[in-house]
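Q: mind folding the following:
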Amino acid sequence: MTDAASRPVRVVLGDDHALVRKGLRSLIEACGDMAVVGEATTGAEAVEHGRLLRPDILTIDIGMPDLNGLDAIPLIRAQAPATGVVVVTGHYGPTDLRRALRFGARGYVTKSDEPEVLLLALRAVARGRYFLSPRVAHLVIEDPE
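A: A predicted model of the protein is given here:
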């Protein structure tokens, strides 16, 4: 990961919806301590961007064309092991959450969360920590498997 004090956290956005990507970009770039360095519209593009751009963080939606976000996570982690993957999705059942974490995601945020929750997740993952949205954290505690 990166030291946010020395340079901006480099983020790649993975979502097949242009409106979502634009909103995420605006939110992230308004912070000043992070910069969006790429966008992916498919799971396969997200894997490729991870390999080529080596971002500090790659956000990915679960419902992506070509290769769904869950299946892309282990490929991203294998090709860019220093990249922290943060799932940003409307899917938040216990099965998806457990699979994302098992496959190597370090953060999980829902599209229903407040924007500040995403920023907390990105900063936590950039520091090498895990972050679960309050909307999903209880799923791990109440239904650990």
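
Q: out of everything not next to it in sequence, what's closest to the residue nearest to the spatial centre of the chain?
A: By C-alpha atoms, centre = their mean, the chain has its centre lying nearest to Val86, at 2.1 Å. The shortest distance from Val86 to any non-neighbouring residue, by C-beta to C-beta, 6 or more residues apart in numbering, is to Gly107 (3.6 Å). (C-beta placed from N, C-alpha, C; glycine too.)

Q: bridged to that neighbour, which residues?
A: Per DSSP bridges, the residues bridged to Gly107 are Val86, Phe131.

Q: that one touches Leu119, doesn't it?
A: No - with contact defined as C-beta atoms under 8 Å, Gly107 does not reach Leu119; the gap is 11.2 Å.

Q: what sits against Asp96?
A: Applying C-beta atoms under 8 Å, 6 or more residues apart in numbering, we find Asp96 in contact with 62, 70, 89.

Q: for Val140, see how far away Asp15 is.
A: Asp15 is 24 Å from Val140, where distance means C-beta to C-beta, to the nearest Å.

Q: the two: which is more packed in?
A: Higher neighbour count among Asp15 and Val140: Asp15, with 25 against 15, using other C-beta atoms under 10 Å.
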